[in-house]
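*Asks:* Here is the input, now give the coordinates:
(one chain, ligands or ions: 2)
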Amino acid sequence: MAVFTPVTLDDVSQWIKQFPLGKALALKGIASGIENSNFFLSTERGEYVLTIFENLSFEQLPFYLKLMHHLAERGVLVPAPVANQQGELIAALHGKPAAIVSKLAGSSQMAPQPVHCAAVGAMLAKMHLAASDFPLQQANLRGLDWWNETTPQVLPFLSESNAHLLCAEMHFQDAFAGCDTYRALQRGPVHADLFRNNVMFDGARLTGFFDFYFAGCDTWLFDVAVTVNDWCVDLDSGVLDTARVRALLDAYHAVRPFTAAEQTAWQPMLRAAALRFWLSRLYDLHLPREAEMLTPHDPAHFERILRERIATPAPELF
Ligand SMILES: Nc1ncnc2c1ncn2[C@@H]1O[C@H](COP(=O)(O)OP(=O)(O)O)[C@@H](O)[C@H]1O
Ligand SMILES: N[C@@H](CCOP(=O)(O)O)C(=O)O
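*Replies:* Ligands and ions are numbered 1, 2, ... in the order given. Sure, this is the predicted structure:
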C-alpha cells in the first residue's frame with residue numbers, strides 16, 4: 001500500500017477552497033500504486049482522485065496533466081484534471097505538487113480476455129493519433145538514458161546470471177536504439193505504463209486509461225510492447241497468449257496501421273519493454289524510498305518475461 005505523504009480531511013478542507021468543487025466530504029488513502037500518494041476524494045460536486053506527486057516536479061507535471069486534458073477533449077477516455085481559480089491544474093499541498101482529476105467508473109480487469117485486449121488496443125491507437133498534435137515535449141523519463149544510469153546501481157544486488165543478462169540486454173538495447181530501423185519508428189506522446197491496473201472497465205466496456213505519470217515522448221511501438229507484455233502474458237510463465245495478442249494487435253492495427261519498420265523492430269521492442277520494468281522493479285526493491293505503506297512489485301516476473309522474449313520469436317505484428 002502506498003501513501004508516502006499522509007493527508008487528513010482537515011488539511012484538504014482548507015486547500016480545496018481554491019477548486020470549484022464545494023466542500024470536501026471524505027478522503028480515503030488508496031492502497032494500490034507505487035509512485036505517488038493517491039486518495040479518493042468525495043466533494044459536494046462529486047467523486048475525484050487527489051494525487052500528491054512524490055517524484056515529479058512542478059516543472060515536469062504540466063506535460064502529464066495537459067496531455068490528459070488534450071486527450072479528453074479528443075474523445076480518448078482518460079480522467080479530466082480539474083483547474084483551480086487561477087486556471088492551474090497543479091497546486092502545492094504539504095509543499096508537494098498535487099492535482100485533482102475526475103474518478104473513472106468501474107474497476108481494473110485483472111484477468112483480461114481477448115474482448116478486453118481488443119478494447120485496449122483500439123483505445124491505445126486512438127490515443128497515439130489524438131496525441132500526435134500535442135504541442136508539449138518531454139522525454140520518456142524511464143527511457144534508455146535512465147536504463148543506462150540505473151543498471152550500475154542495481155548490478156551489485158544481482159546474481160551472476162542476472163547481472164550477465166542485464167549487461168547483455170543493455171548492450172543489445174543500446175545498439176538497437178542506434179539502428180536505422182529504430183530511427184524509422186513513429187513517435188509521439190505515449191502512456192508507457194499501460195498495465196492492467198491502469199485501465200478501468202465496467203464489464204467489457206473500457207471506461208478509461210489513467211496514471212499518465214510515466215508518459216513521455218517515445219516510439220508508439222514501445223507503448224504497444226509495454227501493453228502487450230502485461231495484458232497478453234501468462235502470469236506464471238511469461239509466455240504470450242496468442243488469442244489476447246491477436247485481439248490487441250489487430251484492434252490497434254485497424255485504427256492505426258503498423259508499419260514495416262515496426263514489424264522489424266517488434267521483437268527487440270518487446271525485450272526493451274520487459275527490460276524497462278525489470279530495471280524499475282529492481283531499483284524499487286533494492287533502493288526503496290521511505291513510504292508509509294508500500295508493497296514493491298516482484299522483479300522476477302519481468303526477468304522471466306525478458307528471458308522468454310529473447311528465447312521465443314515474437315508474434316506477427318500484423
Ligand atoms: N482517475 C481515477 N479514477 C478512478 N480510480 C483511480 C483514478 N486514479 C487512480 N485511481 C485508483 O488509484 C489506484 C492507484 O493509482 P495509480 O495512478 O496507479 O498510482 P501510482 O501512480 O502511485 O502507481 C488505482 O489502482 C485506482 O484504483
Ligand atoms: N507498472 C509498473 C509500476 C508502476 O506502478 P503503477 O501502479 O503506477 O502502474 C510495474 O508493474 O512495475
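*Asks:* so Ser42 is in which element?
*Replies:* According to DSSP states H and E, Ser42 maps onto strand 37-43.
*Asks:* ok, and does that strand reach over to ligand 1?
*Replies:* Yes - contact of strand 37-43 with ligand 1 (C-beta under 6 Å from any ligand atom) involves Asn38. Heads up, the C-betas are built off the backbone N, CA and C, glycines and all.
*Asks:* Tell me which helix or strand comes right after that strand.
*Replies:* Next along from strand 37-43, by DSSP H and E: strand 46-52.
*Asks:* Go through that next one and flag the buried ones.
*Replies:* Neighbour-count burial for strand 46-52 flags 48-52 (criterion: 16 or more other C-beta atoms under 10 Å).
*Asks:* quick revisit: so what angle separates the directions of the strand holding Ser42 and strand 46-52?
*Replies:* 150 degrees (axes from the mean of the first three to the mean of the last three C-alpha atoms, to 10 degrees).
*Asks:* so where is the protein shaky, pLDDT-wise?
*Replies:* The model of the chain has pLDDT under 70 over residues 1-3, 33-34, 290-295.
*Asks:* Closest to Arg276 out of the buried residues of strand 46-52?
*Replies:* Thr51 (22.2 Å; C-beta to C-beta).
*Asks:* mind listing what the closest one touches?
*Replies:* Contacts for Thr51 (C-beta atoms under 8 Å, 6 or more residues apart in numbering) come out as 36-39, 98-101, 213.
*Asks:* neighbours around Glu44, how many?
*Replies:* Using other C-beta atoms under 10 Å, Glu44 has 10 neighbouring residues.
*Asks:* That one reaches Phe19, doesn't it?
*Replies:* No - with contact defined as C-beta atoms under 8 Å, Glu44 does not count as touching Phe19 (11.1 Å).
*Asks:* Packing partners of the strand holding Ser42?
*Replies:* In terms of contacts (3 or more C-beta pairs under 8 Å, 6 or more residues apart in numbering; DSSP states H and E), strand 37-43 is packed against strand 24-29, strand 46-52.
*Asks:* by contact count, what packs against the shortest one?
*Replies:* Same thing as strand 24-29. helix 9-15, strand 37-43.
*Asks:* okay, the ones you listed, which one's buried deepest?
*Replies:* strand 37-43 (a mean of 20; mean count of other C-beta atoms under 10 Å).
*Asks:* Strand partners (parallel or antiparallel) of that strand?
*Replies:* Using DSSP bridges, strand 37-43 pairs in its sheet with strand 24-29 (antiparallel), strand 46-52 (antiparallel).
*Asks:* And those: which comes nearest Ser108?
*Replies:* Once the strands paired with strand 37-43 are compared by C-beta to C-beta, strand 46-52 is nearest, at 13.8 Å.
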